[in-house]
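[1] Next one to model:
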Amino acid sequence: MSDQQHQQSRIRLVTCNFERNGGGDRERWERMHALLASLDADLLLRQEMKGCEDPATGLWQASKDALGMDGVLAPHLGATAVYWRPDVFELSPADTDATWAGIQHWPAWWLHPAAVTLRLCDAPRAVDVVAASLHLAFDSVSLREAEVEMATRFGDRRLAGWASPLPSFVGGDFNSFPARRGCVRGEVRLPRPRSITDLRHLVHRSRPTFLGWRRMDSYPDKTLTKAGFADAARHFGRSAKGHARRLAIEPTAPTLPYARADQGPARRIDRIYLIKALAPAITRAVVIDPQSLSDHRIVLVDLDRAAFISLYDRYILAA
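    Sure, this is the predicted structure:
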């Protein structure tokens, strides 16, 4: 199978939190974008888009040029973005607000999400999906609760009178932990509160119980799971074995040399979710180390395109 045929047989999803978008270091910025371009993502969810909100910097257009992708940038701080390959996806002509302009009025968000409604190109029928890039608050359990509850709206888009909402991909930096329930063999477990001696970080990542103890925050994961989403890495990890399973469920942040002993060991806070009905289309999930370019690793998920379309049809017609 040629590289082109291989690309046409799968849909590749990637999420990447690039620390401060390079922090003004152009050489570092170029190296990260070269790495991202080499991954051949069909859909890329980005966080920490510092500088892109200011047209004078040229960073937003430069990023699209470097990646060879189209994209939408979140409102206000430009904190997040969604990119897509124009030969794989296009803006959905069925959605009059395909770039989710109204998202700027969502009041709960500190770092607004970016979202877009896309249509799969060259499919035998209309296949529309919602893609959203999230960066939940790092310092407030309560704010993350409100943010992730609003994020469930990405799974509630209805077009053309369909009873079922559009399937959605939601990914990014959740600044919280996967729930203990559903843990895959070999996955890093929730940290114990007493192992985190940076007390501010402990408050940021945990909630008090009625007895005064602290419980590590997994509310965002539990909420999305309850709302019908599947953690792509966990879904793949349950059937994968050995090295493939380990690569899927590796911690994503903080990476060396950014890790701090007083904040506990690295955790899998960067994740990609999709509607559970479409999860059987997942053929690969892997965590990629950007080699000190960022304090977060990159998450990559592959879907079998034909299986995705077949499952999509069943999902849309299920209601």
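[2] mind listing the strands for the stretch 201-319 of the chain?
    In the stretch 201-319 of the chain, the strands defined using DSSP state E, counting those that start in this stretch lie at 206-208, 214-216, 229-231, 270-275, 282-288, 298-304.
[3] ok now do Ala114, which residues does it touch?
    Applying C-beta atoms under 8 Å, 6 or more residues apart in numbering to Ala114 gives the contacts Val72, Leu73, Ala74, Thr80, Ala81, Val82, Trp100, Ile103, Ala132, Ser133. (C-beta placed from N, C-alpha, C; glycine too.)
[4] hang on, the earlier thing: what's the closest of the strands of the stretch 201-319 of the chain to Val14?
    strand 298-304 (5.1 Å; C-beta to C-beta).
[5] got a markdown table for the strands of the stretch 201-319 of the chain, with mean pLDDT, distance to Ala62 and mean neighbour count too?
    Listed next are those as a markdown table, based on pLDDT from 0 to 100; distance: least, C-beta to C-beta, whole Å; neighbours: other C-beta atoms under 10 Å:
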| stretch | mean pLDDT | distance to Ala62 | mean neighbour count |
| --- | --- | --- | --- |
| strand 206-208 | 89 | 39 | 16 |
| strand 214-216 | 91 | 39 | 17 |
| strand 229-231 | 98 | 33 | 23 |
| strand 270-275 | 98 | 24 | 26 |
| strand 282-288 | 98 | 22 | 20 |
| strand 298-304 | 98 | 20 | 23 |
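[6] these two touch, right, Ile298 and Arg12?
    No. Applying C-beta atoms under 8 Å, one finds Ile298 not in contact with Arg12, separated by 11.8 Å.
[7] overlap in contacts of those two?
    With C-beta under 8 Å, 6+ apart as the test, Ile298 and Arg12 both reach Leu39.
[8] any idea of the mean pLDDT for stretch 257-269?
    Averaged over stretch 257-269, pLDDT sits at 88.
[9] And the contacts of that stretch?
    Contact partners of stretch 257-269, identified using C-beta under 8 Å, 6+ apart, comprise 173-178, 187-188, 191, 195-198, 201, 233, 249-255, 287, 292, 295-296.
[10] Would you mind writing the PyMOL command to select the buried ones in these?
    PyMOL command restricting the contacts of stretch 257-269 to the buried ones, with burial defined by 16 or more other C-beta atoms under 10 Å:
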select buried, resi 173+174+175+176+177+178+187+191+196+201+233+249+250+251+252+253+254+255+287+295+296
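[11] for the residue nearest to Phe169 when sequence neighbours are not counted, helix, strand, or coil?
    Of all residues not flanking Phe169 in the chain, Ala131 sits nearest, at 4.7 Å (C-beta to C-beta, 6 or more residues apart in numbering). On the three-state scheme (DSSP: H, G, I helix; E, B strand; the rest coil), Ala131 is labelled strand.
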